[in-house]
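[1] I would like the atomic coordinates for the input below:
(2 chains)
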Amino acid sequence: MAADLWTALFIALLAVFTGYEVISRVPVLLHTPLMSGSNFIHGIVLVGAIVALGLATNPVEQAIGLVAVVMGALNVTGGYVVTERILAMFDRSKQKKGGAA
Amino acid sequence: MSPPGVQDAINAVYVVAVLVFILGLKALSGPSTARRGILYAGIAMLLAVIATFFSPGLSNFGLIALGVIVGGLGGWYWARVVKMTAMPQMVAMFNGMGAGAAAAIAAVELLSNLSDRATAGLSIAGAIIGSISIAASVIAFLKLQGWLPSKPIVLPARQVVNTAVLGVGVAFGIYALLTAVTVWLLPFFVLLLLYGILLALPIGGADMPVVISLTNALTGVAVGLDGFALVNGPLGDAGYAMVIAGVLVGSAGSLLTLLMARAMNRSISNVFFGAFGATEETGVTVQGQLKPIVASDVAVMMAYANQVIIVPGYGMAVAQAQQKVKELADLLESKGVSVKFGIHPVAGRMPGHMNVLLAEVGISYDKLFDRDEINAEFPATDVVLVIGANDVVNPAAHRQGSPIYGMPILDVEKAKSVIVNKRGQGKGFAGIENDLFYRENCHMLYGDAQKAIGDIVSELKKAA
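    Reported below is the predicted structural model:
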């Protein structure tokens, strides 16, 4: 196995514990925004999609790469807007009307 | 290789982005900081995406720009216009898109480099999880949207067929890997997508909080695996960012999934393979009878109560009754009645569904109480109003042999009187009779939640 893979494995191991520690003890109130927010964060897949399409050399790879980029971009923007909309409603400072877009 | 400097600068941006992601996720887990959290994560994402554009050696810029613009505008528009009540299916859909992207990236990697066994193996793994996750997410979307029946769809010999589909699909993938012949990837992807569909079809609507949460975690894992496969290739540094963000979500999402399943006292495998709700409990007869009540009587009871607890469920979401609920709460409070909300963790169709709907109409979240906090309050409560919730208040959970035995519920039956608003006399999702409805202190207020609550509100106004 290449050295890069070992490095990635160490990183992944640390990320598992980071993810666990960071969100243990979350109030029920935040289950939706947290899930929606983590849904947004895996939108990092867009970065991989850009690399995959950017390195594609034939039409088949380009077509699949384009699908990946479109889906990744949908994940990123949709995930962000949904989370932001939910959290805007929880915001106490603008508790009154107008919150429902 | 790349000119020195550019790649270093890009890597520095990735490092900052990862740091800000973690801070953002941390901030997302506290009520007062949550909004800052998503902003942080958004900035980190923007930085990472922009930096990637400048990676040396990329081509196809026209296609990349096209994809980002189409997907970006589409996602933005869709998420803006959708109603708050449709949030669960939106989250399922955007999650599915991420999973689809992960599967597609794995496909490109496999097509371009099937001979490097270690890397291709990781891509195969990413493709398996990504394909299952997108297919299951799309089925969840269709069920939540009402385009597929939300009842479990149970096919004959399902366990055998499902296992066979998965097994043969994975075998095609391994065969493609060993022979380095790309044509075998086609049946591989088709069968895994099929498996994702078969996996999600038998899962009923009320189990959706677990499904959405789990597919979210799976997508994170698929993205992480894609990241692993990328680190070996050119521009491998983007892979590290994907490994961290993907695994972070996989881990956090798994934890949330376990919390959801625990709230129903069911195992993850029971949710996925149990086809819960497809069968009905037999041999148990409940004593007593259903006692209907009219809105004017409910209004009187509530007006003279010291404390009222409202327990919302999926029925409130379906009827979009949250605005009426807010009016009712305000009206009662103006009469000096204490109003609280009891929220079961799995009420509704996604984790925290009820909290979102009540927040939408401006009900302050310090009036919302978790099951553990509110259960002690029921004995001292005059009136409990259950709106379109069923299984989460069913005392059958305390009866051995019942399908929901052991599920932690809201003990509304301990209140002096309970009003249950329901559309009709049907059973809950679990397909069992609700003992609560037959209790001495329980009355049924039939009708659509929006109309029924509206009637109580106008009766209260009349009396004032």
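[2] show me where the stretch 251-400 of chain B dips below the pLDDT cut-off.
    Flagging of the stretch 251-400 of chain B using pLDDT under 70 yields the residue ranges B:275-287.
[3] what about the strands in it?
    Here the stretch 251-400 of chain B has its strands, by DSSP state E, counting those that start in this stretch, at B:307-312, B:338-343, B:368-370, B:383-387.
[4] now do the host helix or strand of B:T119: which elements does it pack against?
    Under the criterion of DSSP states H and E, B:T119 resides in helix B:117-145. Contacts of helix B:117-145 with other secondary structure elements, assessed using 3 or more Cβ pairs under 8 Å, 6 or more residues apart in numbering or on different chains; DSSP states H and E, are made with helix B:87-112, helix B:158-179, helix B:185-200, helix B:208-231. Backbone N, C-alpha and C define where each C-beta goes, glycine included.
[5] nearest the middle, which residue of chain A would you pick?
    With distances taken as Cα atoms, centre = their mean, the residue of chain A nearest its centroid is A:I41 (2.1 Å).
[6] first to last residue in stretch B:172-190, what's the distance?
    End-to-end span of stretch B:172-190 (Cα to Cα, to the nearest Å): 10 Å.
[7] how about residues contacting it?
    B:103, B:107, B:110-111, B:114-115, B:117, B:120-121, B:124, B:127-128, B:131, B:169-170, B:191-192 (Cβ atoms under 8 Å, 6 or more residues apart in numbering or on different chains).
[8] repeat that with 6 Å
    B:110-111, B:114-115, B:120, B:124, B:131, B:169 (Cβ atoms under 6 Å, 6 or more residues apart in numbering or on different chains).
[9] can you tell me which of those lies nearest to chain A?
    Closest to chain A out of those is B:L111 (5.6 Å), distances taken as Cβ to the nearest Cβ.
[10] what's the separation between the closest one and B:A44?
    For B:L111, the distance to B:A44 under the criterion Cβ to Cβ, to the nearest Å works out to 30 Å.
[11] what about those two, which has more around it?
    Ranked by neighbour count (other Cβ atoms under 10 Å in any protein chain shown), B:L111 and B:A44 place B:A44 first, with 25 against 19.
[12] in terms of contact, does that one touch B:V18 like I think?
    No: using Cβ atoms under 6 Å as the test, B:A44 is too far from B:V18 to be in contact (7.5 Å).
[13] top of the contacts of stretch B:172-190 by neighbour count?
    Sorting the contacts of stretch B:172-190 by how many neighbours each has (other Cβ under 10 Å) puts B:S131 first, at 29 neighbours.
[14] contacting residues for that one?
    Counting by Cβ under 6 Å, 6+ apart, B:S131 touches B:103, B:189, B:192-193.
[15] okay, now the domains of chain B?
    According to automatic domain parsing, chain B is divided into the following domains: B:82-273, B:295-463.
[16] the strands in chain A, which residues?
    Ranges of strands within chain A: none, based on DSSP state E.
[17] any low-confidence regions in it?
    Within chain A, the ranges that satisfy pLDDT under 70 run A:1-2, A:92-101.
[18] try 50 this time
    The model of chain A has pLDDT under 50 over residues A:95-101.
[19] longest helix in it, please.
    helix A:59-90 (DSSP state H).
[20] that one near chain B anywhere?
    Yes: looking at helix A:59-90 against chain B by Cβ under 6 Å from any Cβ of the partner chain, the contacts come from A:61, A:64-75, A:77-84, A:86-87, A:89-90.
[21] what angle sits between the helix holding B:T119 and helix B:208-231?
    Going by axes from the mean of the first three to the mean of the last three Cα atoms, to 10 degrees, helix B:117-145 is angled at 160 degrees with respect to helix B:208-231.
[22] on that earlier part again, which one of the contacts of stretch B:172-190 sits closest to B:Q425?
    Proximity of these to B:Q425, judged by Cβ to Cβ, is greatest for B:S131, which lies at 42.1 Å.
[23] per-residue confidence at the closest residue to the closest one other than its chain neighbours?
    Nearest residue to B:S131, sequence neighbours excluded (Cβ to Cβ, 6 or more residues apart in numbering or on different chains): B:L192, at 3.9 Å. Here the pLDDT value assigned to B:L192 is 97.
[24] hmm, B:L192 is touching B:G169, no?
    Yes: taking contact to mean Cβ under 6 Å, the distance of 4.6 Å between B:L192 and B:G169 places them in contact.
[25] residues contacting B:V298?
    Counting by Cβ under 6 Å, 6+ apart, B:V298 makes contact with B:419, B:456.
[26] what do you get for B:I244?
    Under the contact definition (Cβ under 6 Å, 6+ apart), the residues listed for B:I244 are A:15, B:18.
[27] what helix or strand is it on?
    Counting by DSSP H and E, the element that carries B:I244 is helix B:237-263.
[28] picking that back up, next, the angle from the longest helix of chain A to helix B:208-231.
    Following the same axes, to 10 degrees, one obtains 130 degrees for the angle between helix A:59-90 and helix B:208-231.
[29] for helix A:59-90, what is the distance to the chain centroid?
    Per Cα atoms, centre = their mean, to the nearest Å, the displacement of helix A:59-90 from the mean C-alpha position of its chain is 9 Å.
[30] what do you get for stretch B:119-127?
    What separates the centre of stretch B:119-127 from the centre of its chain is 27 Å, taken as Cα atoms, centre = their mean.
[31] B:L357 contacts B:Q322, doesn't it?
    Yes: counting by Cβ under 6 Å, B:L357 sits close enough to B:Q322 to count as a contact (4.7 Å).
[32] show me which of those two is the more surrounded one.
    B:Q322 (27 against 24).
[33] any idea how far B:D237 is from the more buried one?
    With distances defined as Cβ to Cβ, the gap from B:Q322 to B:D237 amounts to 46 Å.
[34] thinking again about what came up before, is it possible to get TSV of the contacts of stretch B:172-190 that adds pLDDT?
    Putting those into TSV (pLDDT from 0 to 100) gives the following:
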residue	pLDDT
B:L110	95
B:L111	93
B:L114	87
B:S115	85
B:A120	93
B:I124	96
B:S131	97
B:G169	97
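[35] need those in JSON lines with distance to B:V383, can you?
    Listed next are the contacts of stretch B:172-190 as JSON lines, based on distance: Cβ to Cβ, whole Å:
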{"residue": "B:L110", "distance to B:V383": "61"}
{"residue": "B:L111", "distance to B:V383": "64"}
{"residue": "B:L114", "distance to B:V383": "66"}
{"residue": "B:S115", "distance to B:V383": "71"}
{"residue": "B:A120", "distance to B:V383": "63"}
{"residue": "B:I124", "distance to B:V383": "58"}
{"residue": "B:S131", "distance to B:V383": "50"}
{"residue": "B:G169", "distance to B:V383": "55"}
